[in-house]
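Participant: model the following, please.
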Amino acid sequence: MPTAPYPRRKRVALLGATGSVGDSTLRVIRAHHEALELVAVAAHGNADKLLGIARAFGVRHLALYDETAAAALRAAGPSVLPPGAVVHAPGVEGLEQLATLPEVDVVLVAVVGTAGLRPALAALAAGKDLALASKEILVLAGAHVLAAAKKSGARLLPVDSEHSAVFQCIEGRAHEEVRRVILTASGGAFRDWPFAKLAEATVADALKHPNWSMGPKITVDSATLANKGLELIEASVLFGLRPEQCAAVVHPQSIVHCLVEFTDGTMLAQLCPPSMTFPIQHALLYPSRGRRGTDQALSLDRLFTLEFRPADEGRFPMLRLAREAMVCGGAAPAVYNAANEVAVAAFLAGRLPFLGIARVTEATLAALGNARADELSAVLAVDAEARSFAERQI
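Facilitator: Residues are numbered from 1 along each chain as shown. The predicted structure follows:
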């Protein structure tokens, strides 16, 4: 893969511009305007916020996934849009158009769920570096994403804080020297709740994350530890690790983002405050470190502690199910991801209790986890079937 730094500002397409990762990305671009230029933005349906971003950054390429919102924005015409701006096609097609624009150097995909798969593959096929915040994409079709990056020579840069941390710890080291990778989990909103009380957990309870400000889906995933399960699967794909080489611990402070154990028994850890600006900045400026951080760095002049607890897979069954999906391989990770997405949506809509998320996921894995999915079309078919099966369980 190419490693030479860009001779000019990197031009960024941001898919998922109006979400929490999008907000952090805009802060990074604003703080590093001498090195980064935002040239394309996409969102699901928040036209007002997308327009505000386009005006603030002088962006000419816009896309909205929602057809109605896209049509309304296009009908508004030049009086509303920034000078020279173009509203691209709705749906996945528009995301693909932005991801393959000739003027784009790097595409940051922060689309919730698996809707970003096609644009991610299109970006890589076009030779664009891919900064990936949507972990579900690698869980669904990791082998196909890696193959696309290898074929074009584009770089695949992790944006998840944990995978960015692993990437930084193992860069330049021989693969066979890595014994295991340990990802840290905050424990989410319920890390200190008695297990018996979880049956009463409400949506409002689940969305009170103690450390991070994120969207609803990923915040619920943090409460079930499905987020960490997805990240373990993603780590095995990204770094070529066997399931037994991927582990997780609960770290309430969210300061240590990973530990990498090497074959000589030593460990390297990556530390930074719990802000997504750090991994986003690393991905967008890579291979440069940049002149400064977007957010304030850790201060060792003040007292703080680092605490680690075992991740109890009995208390967090979604972690156990992710490990089983990793061991099973094939379509099992895609089934795990699809069932979890459906179950979390049902929980957020008040149609499923909190503990039902794991029950639905386990039932779907038991029914469909052994399906074969060698081709991308088969993976997508299994994904659709798993979503339908999970919905029927609800």
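Participant: for the closest residue to residue 107 other than its chain neighbours, what are its contacts?
Facilitator: With CB to CB, 6 or more residues apart in numbering as the criterion, residue 107 has its nearest non-adjacent residue at 4.1 Å, and that residue is residue 123. (C-beta placed from N, C-alpha, C; glycine too.) The neighbours of residue 123, taking CB atoms under 8 Å, 6 or more residues apart in numbering as the test, are 13, 99-100, 104, 107, 109, 130, 154.
Participant: swap in residue 71?
Facilitator: residue 90.
Participant: just give me the closest of the contacts of residue 123 to residue 87.
Facilitator: residue 13 (14.7 Å; CB to CB).
Participant: skipping its backbone neighbours, what lies nearest the closest one in space?
Facilitator: residue 40 (3.8 Å).
Participant: residues near the one you found, how many?
Facilitator: The burial count assigned to residue 40 is 26, neighbours taken as other CB atoms under 10 Å.
Participant: quick one, phi/psi of it?
Facilitator: With angles defined as degrees, to the nearest 10, residue 40 sits at phi -150, psi 140.
Participant: for the remainder of this discussion, apply numbering that starts at 48.
Facilitator: Taking 48 as the first residue, the last one we looked at is residue 87.
Participant: coming back round to it: what helix or strand is the residue nearest to residue 154 on?
Facilitator: Using DSSP states H and E, residue 170 maps to helix 164-172.
Participant: any idea how far residue 200 is from residue 83?
Facilitator: 22 Å (CB to CB, to the nearest Å).
Participant: typo on my end, it should be residue 385
Facilitator: For residue 385, the distance to residue 83 equals 34 Å [CB to CB].
Participant: who's more crowded, these two?
Facilitator: Each of residue 385 and residue 83 has its neighbours counted (other CB under 10 Å); residue 385 has more, 28 against 22.
Participant: how about the more buried one: what's its closest non-neighbour residue?
Facilitator: Distance criterion CB to CB, 6+ apart; nearest residue to residue 385, sequence neighbours excluded, is residue 433 at 3.8 Å.
Participant: what about the contacts of residue 170, which are in strands?
Facilitator: 60, 154, 156, 177 (DSSP state E).
Participant: show me which of those residues are buried.
Facilitator: For the ones in strands among the contacts of residue 170, a neighbour count by 16 or more other CB atoms under 10 Å gives the buried set as 60, 154, 156, 177.
Participant: the nearest residue to residue 293 once chain neighbours are set aside: neighbour count?
Facilitator: The spatially closest residue to residue 293, leaving aside those adjacent along the chain, is residue 279, at 4.5 Å (CB to CB, 6+ apart). Neighbourhood size, residue 279 [other CB under 10 Å]: 28.
Participant: tell me who's in contact with residue 279.
Facilitator: Neighbouring residues of residue 279 by CB under 8 Å, 6+ apart: 230, 293-295, 366, 369-370, 373.
Participant: nearest to residue 348 among those?
Facilitator: Nearest to residue 348 among the contacts of residue 279, with distances taken as CB to CB, is residue 230, at 28.3 Å.
Participant: any figure for the gap between the closest residue in space to that closest one that isn't next to it in sequence and residue 384?
Facilitator: Spatial nearest neighbour of residue 230, excluding adjacent residues (CB to CB, 6+ apart): residue 209 at 4.5 Å. Using CB to CB, one gets 17 Å for the distance from residue 209 to residue 384.
Participant: before we move on, what's the pLDDT of residue 130?
Facilitator: Looking at residue 130, its pLDDT stands at 87.
Participant: any idea which element residue 215 lies in?
Facilitator: In this structure, residue 215 is located in helix 208-217 according to DSSP H and E.
Participant: any idea which helix or strand comes after that helix?
Facilitator: strand 225-232.
Participant: residue 72 against residue 155, yeah?
Facilitator: Yes: the pair residue 72 / residue 155 is scored as a contact, 5.9 Å apart, by CB atoms under 8 Å.
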